[in-house]
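*Asks:* Quick one: sequence and predicted model below, then my questions.
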Amino acid sequence: MATLRQALVAVWRHRLPTSIAAAVLGIALVALSEFGDVHETRWFGALLISLGGIGLGLDAGIGGPERWTFLRGLLTRRTIIAAVGALALVLPVVIALTAALISLFADSDHRSRSLLAAGGLTGAFLLLATVVASALAVRAVAKAVRHEPGIGEDQQPVETAR
């Protein structure tokens, strides 16, 4: 029992490298199962990936910002990160909707004009809504960043009404 406790304490003290090692080993086992036809290792690799992710989450949540110094750098660039993320999420939708609009009119000999018009209007509306929603999301993130202090910055005390 004491040996198990000592092992758990050692893992807890070194939770970041242990979590990274578990995730990397899990990825290697899943890759081995796919490319090496050793399908029995897939579930164990998935388990290690999950445990590594849980460990990283625990370390990020419990360790605090002083332990994760690169978070400060990310916080200074969070508007750019949000814009790139929004673009990466929206770009496939925009491409698909644009391709759908182009393909509507590519071979329109056997389709009715009302069906083409309805499909074109629907595709154009979805394309416009996607672009506008993405722009609004990036704008909201940029506005929130201007009004929110980052990690390690002093926050102003909130006054309460009496």
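*Replies:* Sure thing, it's come through. Residues are numbered from 1 along each chain as shown.

*Asks:* can you map out the helices along the protein?
*Replies:* Here the chain has its helices, by DSSP state H, at 2-13, 15-35, 42-63, 70-76, 78-104, 113-147.

*Asks:* I'd like to know how far the closest residue in space to Ala83 that isn't next to it in sequence sits from Arg78.
*Replies:* Nearest non-adjacent residue to Ala83, counting by Cβ to Cβ, 6 or more residues apart in numbering: Val138, 4.9 Å away. From N, CA and C alone the C-beta is placed, and that goes for glycine too. Distance, Val138 to Arg78, using Cβ to Cβ, to the nearest Å: 11 Å.

*Asks:* Which one's more surrounded, the two?
*Replies:* Legend: neighbour count by other Cβ atoms under 10 Å for Val138 and Arg78, higher for Val138 (19 against 16).

*Asks:* Surely that one is in contact with Ala82?
*Replies:* Yes: using Cβ atoms under 8 Å, Val138 is in contact with Ala82, at 5.9 Å.

*Asks:* Tell me who's in contact with Leu58.
*Replies:* Counting by Cβ atoms under 8 Å, 6 or more residues apart in numbering, Leu58 makes contact with Arg15, Ser19.

*Asks:* could you measure Gly73 against Leu87, distance?
*Replies:* As judged by Cβ to Cβ, Gly73 and Leu87 stand 21 Å apart.

*Asks:* circling back: residues contacting the residue nearest to Ala83?
*Replies:* Thr79, Ala82, Ala83, Ala86.

*Asks:* Please repeat the previous calculation with a cut-off of 6 Å.
*Replies:* Residues in contact with Val138 (Cβ atoms under 6 Å, 6 or more residues apart in numbering) are Ala82, Ala83, Ala86.

*Asks:* cool, Trp12 as well?
*Replies:* By Cβ under 6 Å, 6+ apart, Trp12 has no neighbours at all.

*Asks:* out of everything not next to it in sequence, what's closest to Ile81?
*Replies:* Among residues not flanking Ile81 along the chain, Leu74 sits closest, at 6.8 Å (Cβ to Cβ, 6+ apart).

*Asks:* Would you mark the buried spots in stretch 110-122?
*Replies:* Buried residues in stretch 110-122, counted by 16 or more other Cβ atoms under 10 Å: Gly119.

*Asks:* so where's the protein uncertain?
*Replies:* By pLDDT under 70, the low-scoring segments of the chain are 1, 63-68, 71, 107-108, 147-162.
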